[in-house]
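Novice: for reference, the sequence and a predicted model appear below.
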Amino acid sequence: MDEFRSNFVRLCRENRIDPQESVVAQLRKGQDVLHRSHSSKSVATQRKTSGKCLDLSTTSLTTQTCSVLGAALASDRTIVQVKLADCMIGDEGAKLFLHGLCSNVCVQRLDLKGNNMRGATAEVLGKLLRQNHTLKHLCLEWNCLGLDTTRFAAFTDGLAANNSLEMLDLRNNQLSHESAADLAAALQRNTILKALDLRWNNIGIVGGRSLIGAMQYNKNITELELAGNNIPQDVHKAIDVARLHNTDRASLSSHHQTREEIMTREIRQLKSDKRQQTGDLLQRIDQQNDQLSRTHRETARKIGQLQEALEERKTAFNALAAKLSKTEAELALAEQRSHDLSEMLEQSREENAHLVTTHQKELHMEKGERASSEGALQRDLTAARDRVSQLESRLDELEKKCETQQEQIYELKEELTSSHAENKVHAAQTEERMQNEKQRQRDIIRDIEHRRDGELSRLRQTMEDSERAYKERIVKLEQHRRNLEEELSQVKTSHLNERLVLEEQILETKKRVKEEEQQRSKHLEDKIRLLQNSKDDLQQHSSQQTQLVSELQAKHSNATLEIESLKRKLEELNREVAGKNNELLAEVNKVEIQHSKQLSKLQHQLQELEDTKDRCDTLEKQLSDQARRYRSEMHSLEAEADTLKEKLRLQDMEFGRLQEEEAQKASQLHAAISSFLTPRSPMATPRK
């Protein structure tokens, strides 16, 4: 606030204006209050209340001060609320102040109560609402903005183009029904305003009806005050019904938004859990690959050491003539073991192939089930749409019947009016004849009176007969109308029952799809467990192979010890064993080749495991796509249900309006009949 005060004083000096002392004192007072509040609050609360309030209420402001305040607020970034209530700034001061406020980007609440603002200010306010996109609360109570309807139309145009204002206070602004019509047209285009206060104006019944039309299009206004506007109770009730509908819709939208946020959080949590699980699996597979590479390096290093030992002790193998049979037997056992190991590897490969084929079959089965479930849902949707179309056609037929009934009632009314006019003309003619006959023939008055009485009795009898016939026809029409209303109520109840059944079916399908998805996820988790078990079995098999290699190495070390003890004795047999040494080298090479093949097979199996993991990822993506499609279909169904509700509400309003019109027409008929019967009372006196 100190910065704003210094900026205000600087602008006054630049414009060669003496700063108003009351304004400067009020700004200093606001700064002291802010210092005291900051000293008593913690750091966290200071961060929350960083926005400042410019309160100059009940301070008389000149036009020059208003222009300087507008210029200061145009570049200010700290003040959030401005209060200028009961400052009597007038149209000129309001123009200058609001012109500077058009470029402000921080003020959210503006109070201009009781400032004697008229039509010129309404134009500037429309410009402010058109250019400013941060103002949310605007109070214009106790002004005269509605005196000039053309300039107030500019204000409503600005309100229609605004996209930030949420609350507007227009109490005691002398608004007429024309201003209310302009305001209603603006509300039809504005989708942000939520609260509107129009108390103590002169809107009347015409303005109330225009507001009803606006509320049919605007679905965001939840607070609308209309006390003291000479609006009939039925119009006021209709506006309250629309407002309550808007509040219900807002609560439903907020409830849906919270549910969507909860679902998105759960989906994100599930995705993060799945990513973590896949990361753990990948980490385990990498660790296993590292262990296999280490074992491969160790075996290669040991094989190299063995080759070096064999090269160093070639001369020692010349003494193995006596134990060649033993070594050959051990080699045969080793070959048999290697053969058994190869068979076990082939069996494991066949089992993996069988698992892959079964997994593919199960995937095909799941795809078929998903396609069948989607087809069933589509058939249900088409059936529901057909029912809705049938109900709409039936409603159209009933509306046509009501229109025909109204036309018949109108024709009967015309016939009544025509007969009433003919009777009046006939009575007037008879009266003229009677007067002429009285003037001309006073001697035969009694005969003429008897004739006139007979004619009047006959006319009365004919009129009574026609009235009875018309009454019977009206009673029949009313009974037919009641039957039509009962049919309409039955159609409505059947439609509501069908809608409830459809909603229950949708809930059942939701539950069924959720259960199927849970079962499929459990099935996939079981498959992953089986793959992990097979992987553990393969790891155990590789550890057994390493144990066998270590046993062979131990036997080889024992043999070398025995060879060292018999070096001296077997030097003479070097030439005979040379050929057998070559055979042993060939067999060792074969064993190495077999070991390398086994390692390549294990690597191939690891590659197959990675492929199955990729397939699991693709399945998860497909499940997510199907869930997204299901959500989109549910949103479309909810939108159709909302449209049907809106149509039913409009039809109810039309039926209510028709009932009111029929009641009015019946009252008019009753009044016409009573007025038709009352003039005959003076004609009955001459018969005495």
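Specialist: Nice, thanks for sending it over. Numbering: from 1, shown residues only.
Novice: from here on, just use CA atoms for contacts and neighbour counts.
Specialist: OK.
Novice: any low-confidence regions in the stretch 301-450 of the chain?
Specialist: 316-317, 321, 327, 384, 434, 437-438, 441, 448 (pLDDT under 70).
Novice: and the helices in the chain, which stretches?
Specialist: With helices called from DSSP state H, the chain shows them at 2-14, 21-40, 43-48, 63-74, 90-101, 119-131, 149-161, 177-189, 204-217, 233-312, 324-440, 445-565, 574-677.
Novice: weakest of those by average pLDDT?
Specialist: In terms of average pLDDT, helix 43-48 trails the rest of those, at a mean of 41.
Novice: of all the helices of the chain, which one is nearest residue 167?
Specialist: helix 149-161 (11.3 Å; Cα to Cα).
Novice: list the buried residues in the closest one.
Specialist: If you call a residue buried by 16 or more other Cα atoms under 10 Å, then helix 149-161 has these buried ones: 149, 151, 152, 153, 154, 155, 156, 157, 158, 159, 160, 161.
Novice: contacting residues around the most far-flung residue of the chain relative to its centre?
Specialist: Within the chain, residue 572 marks the point farthest from the mean C-alpha position, 97.3 Å out by Cα atoms, centre = their mean. Remark: with contacts taken as Cα atoms under 8 Å, 6 or more residues apart in numbering, residue 572 is in contact with 318, 319.
Novice: try residue 52
Specialist: The neighbours of residue 52, taking Cα under 8 Å, 6+ apart as the test, are 1, 78, 79, 80, 81.
Novice: strands - which of those residues land there?
Specialist: When these are checked against strands (DSSP state E), the matches are 79, 80, 81.
Novice: what's the pLDDT at the last one?
Specialist: At residue 81, the predicted lDDT confidence score is 94.
Novice: just list whatever residues bridge to it.
Specialist: Counting by DSSP bridges, residue 81 is bridged to residue 53, residue 109.
Novice: I figured it hits residue 109, correct?
Specialist: Yes. Under the criterion of Cα atoms under 8 Å, residue 81 is in contact with residue 109, at a separation of 4.7 Å.
Novice: mind checking how far residue 226 is from residue 236?
Specialist: According to Cα to Cα, to the nearest Å, residue 226 stands 8 Å off from residue 236.
Novice: what do you get for residue 297?
Specialist: Distance of residue 297 to residue 236, computed by Cα to Cα: 90 Å.
Novice: circling back: do you know how far the residue farthest from the centre of the chain is from residue 477?
Specialist: Distance from residue 572 to residue 477, by Cα to Cα: 138 Å.
Novice: before we move on, what about residue 349?
Specialist: Counting by Cα to Cα, the separation of residue 349 from residue 477 is 88 Å.
Novice: and residue 21, by the same measure?
Specialist: When residue 21 is compared with residue 477 (using Cα to Cα), they lie 80 Å apart.
Novice: who has more neighbours, these two?
Specialist: Counting neighbours by other Cα atoms under 10 Å for residue 21 and for residue 477 shows that residue 477 has the greater number, 16 against 9.
Novice: list the buried residues of stretch 584-604.
Specialist: Buried residues in stretch 584-604, counted by 16+ other Cα under 10 Å: 595, 598, 599, 602.
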